[in-house]
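J.: got a predicted model here, sequence first, then my questions.
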Amino acid sequence: MIYIFYITLVLLTLGMIFSIIRFVKGPTAGDRTVALDTMTTLMVAGLVVLAAVFDRLIYVDVALIYGVLGFIGVIVIARYLEGAL
């Protein structure tokens, strides 16, 4: 059963690596913003998986706060790129 968690964490890490590559190589600021949002989502998913592995609910709370802050950050970046700020 624990192998499923390890496989999930490996796949999340692989997705994070691809997102970092897109963040670095992204030709436009929009590509970098989407990569940053993807990294935030993958990090939240990773924290939830770690909460299940270690049976600690505090990681879920941290994941929720991180998700909300990541969402607000992406909204601010999008508004800046749009020229509204």
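T.: Structure received.
J.: tell me who's in contact with Tyr59.
T.: Leu47, Val48, Leu50, Ala51 (C-beta atoms under 8 Å, 6 or more residues apart in numbering). For glycine as for every other residue, the C-beta is placed from the backbone atoms N, C-alpha and C.
J.: name the element the first one belongs to?
T.: Using DSSP states H and E, the element containing Leu47 is helix 29-54.
J.: for the contacts of Tyr59, which one is nearest Thr28?
T.: The shortest approach to Thr28 among the contacts of Tyr59 belongs to Leu47, at 29.0 Å (C-beta to C-beta).
J.: what about the closest one, how many neighbours?
T.: Look at Leu47: counted by other C-beta atoms under 10 Å, it has 21 neighbours.
J.: list the contacts for the closest residue to Gly15 other than its chain neighbours?
T.: Nearest residue to Gly15 in three dimensions, chain neighbours excluded: Leu42, at 5.2 Å (C-beta to C-beta, 6 or more residues apart in numbering). Counting by C-beta under 8 Å, 6+ apart, Leu42 makes contact with Leu12, Gly15, Met16, Ser19.
J.: which of the three states applies to the second one?
T.: Read that as Gly15. helix (DSSP: H, G, I helix; E, B strand; the rest coil).
J.: so it touches Thr40, yeah?
T.: No. Using C-beta atoms under 8 Å, Gly15 makes no contact with Thr40, being 11.9 Å away.
J.: host element of the closest residue to Ala29 other than its chain neighbours?
T.: Among residues not flanking Ala29 along the chain, Leu81 sits closest, at 5.6 Å (C-beta to C-beta, 6+ apart). Counting by DSSP H and E, the element that carries Leu81 is helix 58-82.
J.: for that helix, buried residues please.
T.: Within helix 58-82, the residues that count as buried by 16 or more other C-beta atoms under 10 Å are Tyr59, Val62, Ala63, Gly67, Gly70, Val74, Ile77, Ala78.
J.: now stretch 26-39
T.: Judged by neighbour count using 16+ other C-beta under 10 Å, the buried positions of stretch 26-39 are Arg32, Thr33, Val34, Ala35, Leu36, Asp37, Thr38, Met39.
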